[in-house]
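Asker: Okay, sequence plus prediction incoming.
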Amino acid sequence: MRVGVLTGGGDCPGLNAVIRAVVRKGERLGDTFVGFADGWKGVVENKTLPLDVERCRGILPKGGTILGSSRTNPYKLDGGPQRVQDTLHANGVDALVAIGGEDTLGVANKLWADGVQVVGVPKTIDNDLSATELTFGFHTAVQICVDAIDRLHTTAESHDRVIVCEVMGRHAGWIATYAGIAGGAAEILIPEEEFDINEVADYIKRRHEAGRYASIVVVAEGAKPKEGTMATTSGEVDAFGHVRLGGIGNLVAEQLERLTGFETRVTILGHVQRGGTPTAFDRVLATRFGISAIEAVHDGAFGQMVALRAGEIVRVPLAEAVAELKTVDPELFQHVAVPFFG
């Protein structure tokens, strides 16, 4: 069987582990592979890369993706879906493994409806795909954030400062919640719970009155004040209609310094969270996903995505995978994070 592989959307620790697993398992089953460069862009433009076991040697600990990635949406391009089908036919592709998040898998689901034999693999550091309990890359991102918070504690304590640490999380605050709890943050601000900046400032002041002169505030990039404002780096949107976020950390820091009178600094971790070497957990999960994906191809389980549920790898319809985002349960957040820190 001739199998195409692509990685779409943002880069993510563990992508190469999926590619490696798909290829190594597939070659044992007699498959040959073609890699498409830069996600759906490579399929639309017929940009291919050789993909075999030799090409996959040594990539397990590498972050990013050897195939490249982009946020190209074929359904936003003139004749895009047909160009995808033409490319697959020209390369003799019998089945396609699409590795990506909500947007990449959303395209895969539409192509499945249009007759493309595709299997999905979930990928997002935000851990916000509802069809799977965990996505690879999330564990690595959280660990990077916790390492940063640990370091921020020492400099905050040295200067009696408030430090705001902005982490990724457009619509879901999983990274902020996990990293904030593990890193001992004073406050955690997430998209699911609109925050009152005055309440945050009052709590920081109470900490100072109690002799805690250093405070770490972890804020997800999509966090929103109660008045409904949101800071963005620009009004631009990508091919899937998402506003490019970033800057809420600066807004929070500016207002906290004004309201408390305490010196406040900002650290925006940005793409540091999704770069570098994946953790062992993410390498193993990604490998399990890759093996299961090529097995799904051989079982003819097209239009489906592999997922982790109750510790087992299962298959779910692509339509279910992109139906809704998995957000942090407000009741869980209030029970675990707010009473302990806030």
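Answerer: The structure has been received and is ready for your questions. The structure presented is a predicted model; accordingly, all values stated were derived computationally and were not measured.

Asker: Which residue ranges of the stretch 101-250 of the chain form strands?
Answerer: In the stretch 101-250 of the chain, the strands defined using DSSP state E, counting those that start in this stretch lie at 118-122, 162-167, 187-189, 215-220, 232-237, 243-245.

Asker: And the longest helix along the chain, what's buried?
Answerer: Longest helix in the chain, counting residues (DSSP state H): helix 138-159. The neighbour-count check on helix 138-159 (16 or more other Cβ atoms under 10 Å) flags 138-146, 148-149, 152-153, 156 as buried. (C-beta placed from N, C-alpha, C; glycine too.)

Asker: Quick one: list the elements packing against that helix.
Answerer: Helices and strands touching helix 138-159, by 3 or more Cβ pairs under 8 Å, 6 or more residues apart in numbering; DSSP states H and E, are strand 162-167, helix 174-182, strand 215-220, helix 280-298.

Asker: Could you give the backbone dihedrals for residue 90?
Answerer: In terms of degrees, to the nearest 10, the main-chain angles of residue 90 are phi -60, psi -30.

Asker: Is it correct that it is in contact with residue 46?
Answerer: Yes. Between residue 90 and residue 46 there is a contact at 6.5 Å, judged by Cβ atoms under 8 Å.

Asker: and these two? which has more neighbours close in?
Answerer: Legend: neighbour count by other Cβ atoms under 10 Å for residue 90 and residue 46, higher for residue 46 (15 against 10).

Asker: Need the pLDDT of the more buried one.
Answerer: The model reports residue 46 with a pLDDT of 97.

Asker: ok, and the closest non-adjacent residue to it?
Answerer: The spatially closest residue to residue 46, leaving aside those adjacent along the chain, is residue 87, at 4.4 Å (Cβ to Cβ, 6 or more residues apart in numbering).

Asker: Can I take it that that neighbour is in a helix?
Answerer: Yes. Assigned with DSSP: H, G, I helix; E, B strand; the rest coil, residue 87 falls within a helix.

Asker: In contact with it, which residues are there?
Answerer: For residue 87, the contact set (Cβ atoms under 8 Å, 6 or more residues apart in numbering) comprises 36, 43-46.

Asker: now do residue 72
Answerer: 8, 38-41, 44, 239.

Asker: And residue 204, by the same measure?
Answerer: 162, 186-187, 215, 217, 256, 260, 262.

Asker: same thing with residue 185?
Answerer: Taking Cβ under 8 Å, 6+ apart as the test, what residue 185 contacts is 149, 165, 179, 216-218, 341.

Asker: Which single one of those is nearest to residue 70?
Answerer: Closest approach between those and residue 70, by Cβ to Cβ: residue 179, at 27.6 Å.

Asker: Got the confidence number for the residue nearest to the closest one when sequence neighbours are not counted?
Answerer: Once flanking residues are discounted, residue 179 sits nearest to residue 145: 3.6 Å by Cβ to Cβ, 6+ apart. Residue 145 carries a pLDDT score of 97 in this model.

Asker: From residue 328, how far off is residue 145?
Answerer: Plainly put, residue 145 is 15 Å away from residue 328 if you go by Cβ to Cβ, to the nearest Å.

Asker: who's residue 317 bridged to?
Answerer: residue 304 (DSSP bridges).

Asker: Count residues in the vicinity of it, would you?
Answerer: Neighbour number of residue 317 under other Cβ under 10 Å is 16.

Asker: isn't it right next to residue 304, touching?
Answerer: Yes. Contact criterion Cβ under 8 Å: residue 317 and residue 304 qualify, at 5.8 Å.

Asker: Quick one: distance of stretch 92-105 to the chain centre.
Answerer: 17 Å (Cα atoms, centre = their mean, to the nearest Å).

Asker: need the contact list for the nearest residue to residue 178 once chain neighbours are set aside.
Answerer: Leaving aside its sequence neighbours, residue 178 sits nearest to residue 142 (Cβ to Cβ, 6+ apart; 4.7 Å). Contacts for residue 142 (Cβ under 8 Å, 6+ apart) come out as 175, 178-179, 182.

Asker: No more questions from me, cheers.
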